[in-house]
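K.L.:
build me a structure from this.
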Amino acid sequence: MHPINCEGKCFTKTELIHANKAAIREKRNRQLNEEFLEELPDEGLFPIALAFDEHNRGEIRVQIIFDEEGTRGFLDLSKNRYNLLPVAIIEANGIVNLKYSGKSPYPMDREHEEKVVKKVVRDPKFRKIVLTAYDNQCAMCYINDTSLLVAAHIFPARLCGDDSVNNGICLCSNHDKAYEQGSILVKPNGKIVIHRGNIEVNNEFIRFPMNKNEHPSQERMRQRLKLSMEKQGIDELE
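P.N.:
Next up, the predicted model:
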């Protein structure tokens, strides 16, 4: 098998169940437990971490991430079905758009209804390295409960493919939401700017990791600031 580019490819729950039923019907080697799939959240998006092309069989084997704890599974599907899977495009406000190839991944006589998708399952490796770098504490406040912490990308990974610790920042869920919405801006030197709203932060600058090699990339921070200012219609910051 040969690895192929799977960046952004994902399954909705509906597509995953249909692909698995096809694998069972077609007696493919890698199938998933049907009961397990039924228990997955309806609103979830399940990214493909790895994909391998079996040239001689016209088949793709994919590794799918099911949750943020890193639960994964393999599924075999036809090349055609794989090619018709959507690519997840995550906007700065957290809304997810699914880009299809222009064709339906389902037969014409099969109706389906998709729910609005707002939650993307993240690769736990990125979360782990970012939270560890920040010693499991929000960079803007004192919250250190890991259940309330988010490994936020500084510059959206969909635009740069950068899942390194230098493109990450550990934030509590409240500050992550404000950062995503542009209510909080961060300058390349780490200075926090409250753009709008009554948002409380504990420091004038974000708290950087102890290890300088894990500090946020200033280039990524410049890119993010420019993107946020454009979306907010801001010409200049004080």
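K.L.:
which single strand of this structure contains the most residues?
P.N.:
strand 44-54 (DSSP state E).
K.L.:
and that one, what does it pack against?
P.N.:
Counting contacts by 3 or more C-beta pairs under 8 Å, 6 or more residues apart in numbering; DSSP states H and E, strand 44-54 packs against strand 2-3, strand 10-12, helix 13-25, strand 59-65, strand 119-120. Just so you know, the C-beta spots here come from the backbone N, C-alpha and C atoms, and that holds for glycine as well.
K.L.:
list the buried ones in whichever helix or strand comes after the third one?
P.N.:
Using DSSP states H and E, the helix or strand that directly follows helix 13-25 along the chain is helix 34-38. Buried residues in helix 34-38, counted by 16 or more other C-beta atoms under 10 Å: L37.
K.L.:
what's the next secondary structure element after the helix or strand of the chain with the lowest mean pLDDT?
P.N.:
In the chain, the helix or strand scored least confidently by mean pLDDT, DSSP states H and E is strand 119-120, which has a mean of 58. Beyond strand 119-120 in the direction of the C-terminus, DSSP H and E gives the next helix or strand as helix 124-133.
K.L.:
please state the offset of that following helix from the chain centre?
P.N.:
13 Å (C-alpha atoms, centre = their mean, to the nearest Å).
K.L.:
by contact count, what packs against it?
P.N.:
Other helices and strands packing on helix 124-133, by 3+ C-beta pairs under 8 Å, 6+ apart, are strand 149-153, strand 168-172.
K.L.:
CA atoms only: put the last one into PDB for me.
P.N.:
Listed in PDB are the C-alpha atoms of strand 168-172, where the atom choice follows Å, rounded to 0.1, in the frame of the first residue of the first chain:
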ATOM      1  CA  GLY A 168      -0.600  26.400  19.100                       C
ATOM      2  CA  ILE A 169      -1.700  28.200  22.200                       C
ATOM      3  CA  CYS A 170      -3.300  26.800  25.300                       C
ATOM      4  CA  LEU A 171      -6.500  28.600  26.200                       C
ATOM      5  CA  CYS A 172      -9.500  28.000  28.500                       C
END
